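**Student:** structure of the sequence below:
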Amino acid sequence: MRPLTYTRPKAMLQVAGKPLVWHVLSNLKKARINEAVVVVKYKKEQVIDYLKEEKLGMTIEFAVQGEKHGTAAAIEAAREKAGEDFLVVAADNVSDAEIYRDVIEKYDGRKTVALKKTDEPHRYGIGEVKEGVLAGMEEKPEKPKSNLANISVYAFNKGIFDEIKKLAPSSRGEYEITDVLKGAHVVETEDFWMDVGYPWHLFRLNEYLLEKMEANAGTVENSTVRGKLIMEGGAEVVDSFVEGTSYIGAGTRIGPHALLRGFNSIGKNCEVGESTTVKNSILFDDVKAKHLSYIGDSVVGQGVNFGSGTQIANYRFDSGHVNVLTEKGWVNSARKKLGAIIGDNVKFGVLSCTMPGKTIGNDCWIGSGVVVNRNLKSGQKLFLKQEHVTTE
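**Tutor:** The predicted structure follows:
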């Protein structure tokens, strides 16, 4: 998820106007879970501060994970705060409340795990099931024994902590909860679940969540809306055109003469102005795109400023899928349309352009007239060197 997670934990990535952890806790609340222990580690203050301020109608406590890594180590951190029987969910996987209800209803005191069929078994932990019991779990197998993915929803009693205590680190150097799941009762689900593994997975999740949200139009002046607006307090749309579904955060101004297309999530205190188009994109808080810009199929971090005429290209000439160079090599996004993944506090100069599928780290500067055709690391500055020839 880099560069977005250089400056925030994964659970704080925004989608449909809220961090992932907000959506997870909200769905737990719908499943009548009223008490939660949130285990924190990387940049833990962001999660703690946010959830202390956000009113979710739940009692929320925090447990800090120690030096050990892995899912079992995270669960172990909550040992003193856990009840006799409890549910464990991942804060970066969004599941419908029906999945939580189903696991709770079918839990009978035995270890219980939820699995779901997938068309991409190489991406997930895959469970082998015999007579309703988990016979084994393989992580991202090359030759999967089934197509049932582990969706990181478990029900345990306190006995699980004794099993975790006996665990040795895996080959990855982590303490894995999957190593103690053998023999667990299996609940297969067909309800919605999504693991966000790459930044472009946020688009599908954003679309799903926005479709479920009710329209809530606020200040809309002299504008055409052909779709649904979900607007927070102080947001306004002025002299603009909206087509599709857009979430607009508190204090954000759209317009004049802006165009919103497709499914968009635009955070707090953003400005999308004169002749700027935002299409199928996720903008975090405090983004400014005031003049003549195009932002398509992109994820934009907090505090990014687009100079006049900035263009984010999102389509290959050969109409092929957009590939993205990650730290682990090239990845096929399986998307025909993919713009840029942009970290926090990036500044774009006027008339700059970014090619499809590029990642730009936080705190970068993109000079005027520059074409970004490679990934940029955080803190880099890219300028165009020109030679002027003047004749009389």
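**Student:** pretty sure residue 72 is in a strand, no?
**Tutor:** No. Read with DSSP: H, G, I helix; E, B strand; the rest coil, residue 72 is helix and lies in no strand.
**Student:** so for the longest strand anywhere in the chain, mean pLDDT?
**Tutor:** With residue count as the measure and DSSP state E as the assignment, the chain has strand 148-157 as its longest strand. Mean pLDDT, strand 148-157: 92.
**Student:** okay, buried residues for it please.
**Tutor:** Residues of strand 148-157 classed as buried: 148-156 (neighbour count, 16 or more other CB atoms under 10 Å). C-beta here means a position set from N, CA and C on the backbone, and glycine is covered the same way.
**Student:** can you check stretch 29-43 too?
**Tutor:** Residues of stretch 29-43 classed as buried by neighbour count (16+ other CB under 10 Å): 29, 31, 33, 36-41, 43.
**Student:** so which of those residues are in strands?
**Tutor:** Secondary structure assignment by DSSP E places 36-40 of the buried residues of stretch 29-43 in strands.
**Student:** what about the strands in the stretch 51-200 of the chain?
**Tutor:** 59-64, 85-89, 93-95, 112-117, 125-130, 133-139, 148-157, 185-189, 193-195 (DSSP state E, counting those that start in this stretch).
**Student:** ok, the third one: who's next to it in the sheet?
**Tutor:** What that stands for is strand 93-95. With DSSP bridges as the test, strand 93-95 is paired with strand 193-195 (antiparallel).
**Student:** give me every residue that touches residue 178.
**Tutor:** Residue 178 sits next to 71, 125, 137, 139, 150 when contact means CB atoms under 8 Å, 6 or more residues apart in numbering.
**Student:** quick one: contacts for the third one?
**Tutor:** Right, residue 137. Contacts were defined as CB under 8 Å, 6+ apart; by that measure residue 137 touches 125-128, 150, 178, 181-182.
**Student:** most neighbours among those residues, which one is it?
**Tutor:** Neighbour count (other CB atoms under 10 Å) singles out residue 127 as the most crowded of those, with 28 neighbours.
**Student:** quick one, what contacts it?
**Tutor:** Shown in contact with residue 127 (CB under 8 Å, 6+ apart): 113, 115, 134, 136-137, 146, 148-150, 181, 186.
**Student:** from the residues you listed, pick the one nearest residue 332.
**Tutor:** Proximity of these to residue 332 was ranked by CB to CB; the top entry is residue 149 with 19.6 Å.
**Student:** and the closest one, how close does it get to residue 228?
**Tutor:** Applying CB to CB, to the nearest Å, one obtains 31 Å for the distance of residue 149 from residue 228.
**Student:** what's the answer for residue 103, then?
**Tutor:** Counting by CB to CB, the gap from residue 103 to residue 228 is 32 Å.
**Student:** neighbour count winner among these two?
**Tutor:** Ranked by neighbour count (other CB under 10 Å), residue 103 and residue 228 place residue 103 first, with 24 against 18.
**Student:** assess the claim that the more buried one and residue 156 are in contact.
**Tutor:** No. Taking contacts as CB atoms under 8 Å, residue 103 lies outside contact range of residue 156: 10.8 Å.
**Student:** what touches both of those two?
**Tutor:** Common neighbours of residue 103 and residue 156, using CB under 8 Å, 6+ apart, are residue 112.
**Student:** on that earlier part again, how about the ones in strands among the buried residues of stretch 29-43 in JSON lines, adding distance to residue 205 and pLDDT?
**Tutor:** As requested, these are arranged in JSON lines below (distance: CB to CB, whole Å; pLDDT from 0 to 100):
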{"residue": "36", "distance to residue 205": "21", "pLDDT": "94"}
{"residue": "37", "distance to residue 205": "24", "pLDDT": "95"}
{"residue": "38", "distance to residue 205": "20", "pLDDT": "95"}
{"residue": "39", "distance to residue 205": "22", "pLDDT": "96"}
{"residue": "40", "distance to residue 205": "22", "pLDDT": "95"}
